[in-house]
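Visitor: Just need the structure, nothing else, for what follows:
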Amino acid sequence: MPVYIVKYEVELPKIVIIIFGFIAFDLCANAFRPVFNAKEVLALGLLGSVLKPIHIVCDSGCK
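Guide: Numbering: from 1, shown residues only. Okay, the predicted model is just below:
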């Protein structure tokens, strides 16, 4: 008795693939959250603010 195999491939729309990419990125970002702690950087004031902006000086010319 022969065995028949039915194979059906589903192609996902581009928006579904993009949503899956965002979910994968979010999962990776949450996994490495303890390594990159932004609250410490904000507490140190290294990012600047309206009253204390960051100034970038290019000694050899910025391109």
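Visitor: mind listing the helices for this protein?
Guide: For the chain, the helices defined by DSSP state H occupy 14-31, 38-44.
Visitor: Can you pull up the most central residue in this protein?
Guide: Geometric centre of the chain, nearest residue: F25, 5.0 Å, by Cα atoms, centre = their mean.
Visitor: re the thing from before, any chance of the helices of the chain in a markdown table, plus distance to H55 and mean pLDDT?
Guide: For the C-beta atoms, the positions are set from N, CA and C on the backbone; glycine is no exception. As requested, the helices of the chain are exported to a markdown table (distance: least, Cβ to Cβ, whole Å; pLDDT from 0 to 100):
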| stretch | distance to H55 | mean pLDDT |
| --- | --- | --- |
| helix 14-31 | 30 | 89 |
| helix 38-44 | 17 | 56 |
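Visitor: nearest to C58, of those helices?
Guide: The minimum distance between C58 and the helices of the chain falls on helix 38-44, with 23.1 Å, by Cβ to Cβ.
Visitor: picking that back up, in CSV: the helices of the chain, plus distance to K52.
Guide: Formatted as CSV, these follow (distance: least, Cβ to Cβ, whole Å):
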stretch, distance to K52
helix 14-31, 28
helix 38-44, 12
